[in-house]
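>>> predicted model, plus sequence, below.
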Amino acid sequence: MKTLTITEAPIRVRASATGTLSGENLLDSIFRVRGELGDPHLPFLPELPQRGYAATTLARTIATLDELHAEGVSYGWKLSNGTSRESQLARSTFRSDINLLADIIGQEEDRGENLKLQLMGPVSLAVSLYLPNGERAISDYGARRDIRDSFLNGLFNWIDTIDTATGSQHLYLQLEEPYLNAALTGNIPTASGYRTIRHLPEQELQETYSIVQKHLQQRSISLAITGCDIQTLHTIDSIPDALWFDTTGYTQHDWEKIAPHAERGKELWLAVTGNNMSFDVPPHAYHLWKSWRTIGLPAHYLSQVTLYDNATLHLMSVDDATGMFKELVQTAQALSEIAQDS
């Protein structure tokens, strides 16, 4: 077995999950997440969409908006002149969820160092919100800018609430961008569906996320972006602190695309499982280790890695999702030990 020198730090691979679970019992879900993904791993405030529209990641993000208001309509959320019953419910639900998380953390002997919060990214938020005239907000440059600024201005009030409630743990902000690929390629349909909205300029995307990152760095908040493919992420890959890749089915060529990010010191969130996929932990850990070494990355870079599900936990039962947490933790531990002993 390899003997550590005084200057060598232990290799530690972490585990986490994208954050969306099935069911309606948030209390039980938080207990499961924190029970399986506690320190040194990365626990999170779960999203349970089955609780209703006010409990979704989109609703939580709308709740953060400052001086912008939205109301629920038949086709989604529409910007409005004043607050609405739907937005008030979204805010009260989000605040209640944070308070519930705080109550649970307050009962723990070891709170851990980290916490992850998932919200909608500014591009996908602009796709999901509609203007008062019924068109998607992303179609209007001024609306895109106002949504971004409103989100950032309001976000930190909620960050203060979370810091106070949870004991000022280091916060990772996971911004979901499921519509980013389509926005950049001009494939977002208009509200009527008869045509598509002009593509989002890459320069504007880079500017938007540079501003987001600047604001987050002032509060020592780590930024991660999920939901977009590796080619799209390349447009802004220098900005986030953590990059998310779905490595399911990756070839060596695919793994080689990850190497430069690791060499620049980025945290890598690697999705390694499929829907309802169960795997033997040691063989799976060895497969990850072989892929890592094949592209020439040193063992100690694995301390930049967090293993994830590939965003399908919401399709599983609560018990199956809990089992996936266990397997991710076991794989992270096994991979750490393999790397340490090599």
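It's in. Numbers count the residues shown, from 1 in each chain.

>>> flag the shaky bits of the stretch 101-250 of the chain, pLDDT-wise.
Scanning the stretch 101-250 of the chain with the threshold set as pLDDT under 70 gives 168.

>>> okay, helices next: where are they in it?
122-128, 141-166, 180-185, 202-217, 230-233 (DSSP state H, counting those that start in this stretch).

>>> how near is Thr248 to Ala224?
Here the criterion is CB to CB, to the nearest Å. By it, Thr248 lies 18 Å from Ala224. For the C-beta atoms, the positions are set from N, CA and C on the backbone; glycine is no exception.

>>> tell me which of those two has more neighbours.
Neighbours were counted for Thr248 and for Ala224 using other CB atoms under 10 Å; Ala224 has more, 22 against 15.

>>> which residues does the nearest residue to that one once chain neighbours are set aside form beta bridges with?
Leaving aside its sequence neighbours, Ala224 sits nearest to Ala242 (CB to CB, 6 or more residues apart in numbering; 3.7 Å). Beta bridges link Ala242 to Ala224, Glu267 when assigned by DSSP bridges.

>>> give the contact list for Ala242.
For Ala242, the contact set (CB atoms under 8 Å, 6 or more residues apart in numbering) comprises 172, 222-224, 266-269, 306.

>>> which of those residues tops the neighbour count?
Tallying neighbours with other CB under 10 Å puts Trp269 at the head of the contacts of Ala242, with 25 neighbours.

>>> quick revisit: so which of the helices of the stretch 101-250 of the chain gets nearest Ala191?
Relative to Ala191, the nearest member of those by CB to CB is helix 122-128, separated by 11.2 Å.

>>> check the offset of the closest one from the chain's centre.
15 Å (CA atoms, centre = their mean, to the nearest Å).

>>> what of stretch 197-216?
18 Å.

>>> again with stretch 49-68
For stretch 49-68, the distance to the chain centre is 15 Å (CA atoms, centre = their mean).

>>> mind saving the C-alpha coords of that stretch as PDB?
Extracted in PDB, the C-alpha atoms of stretch 49-68 (Å, rounded to 0.1, in the frame of the first residue of the first chain):
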ATOM      1  CA  PRO A  49     -42.300  18.700  -8.300                       C
ATOM      2  CA  GLN A  50     -45.100  16.400  -7.300                       C
ATOM      3  CA  ARG A  51     -45.900  18.800  -4.400                       C
ATOM      4  CA  GLY A  52     -47.300  21.200  -7.000                       C
ATOM      5  CA  TYR A  53     -46.300  24.100  -9.200                       C
ATOM      6  CA  ALA A  54     -45.200  26.300  -6.300                       C
ATOM      7  CA  ALA A  55     -42.600  23.800  -5.200                       C
ATOM      8  CA  THR A  56     -40.700  23.400  -8.500                       C
ATOM      9  CA  THR A  57     -37.200  24.800  -9.200                       C
ATOM     10  CA  LEU A  58     -38.800  27.300 -11.600                       C
ATOM     11  CA  ALA A  59     -41.200  28.500  -8.900                       C
ATOM     12  CA  ARG A  60     -38.300  28.800  -6.400                       C
ATOM     13  CA  THR A  61     -36.400  30.900  -9.000                       C
ATOM     14  CA  ILE A  62     -39.300  33.100  -9.600                       C
ATOM     15  CA  ALA A  63     -39.600  33.600  -5.900                       C
ATOM     16  CA  THR A  64     -36.100  35.200  -5.900                       C
ATOM     17  CA  LEU A  65     -36.900  37.900  -8.400                       C
ATOM     18  CA  ASP A  66     -36.600  41.500  -7.100                       C
ATOM     19  CA  GLU A  67     -39.100  44.100  -8.400                       C
ATOM     20  CA  LEU A  68     -40.300  41.700 -11.200                       C
END
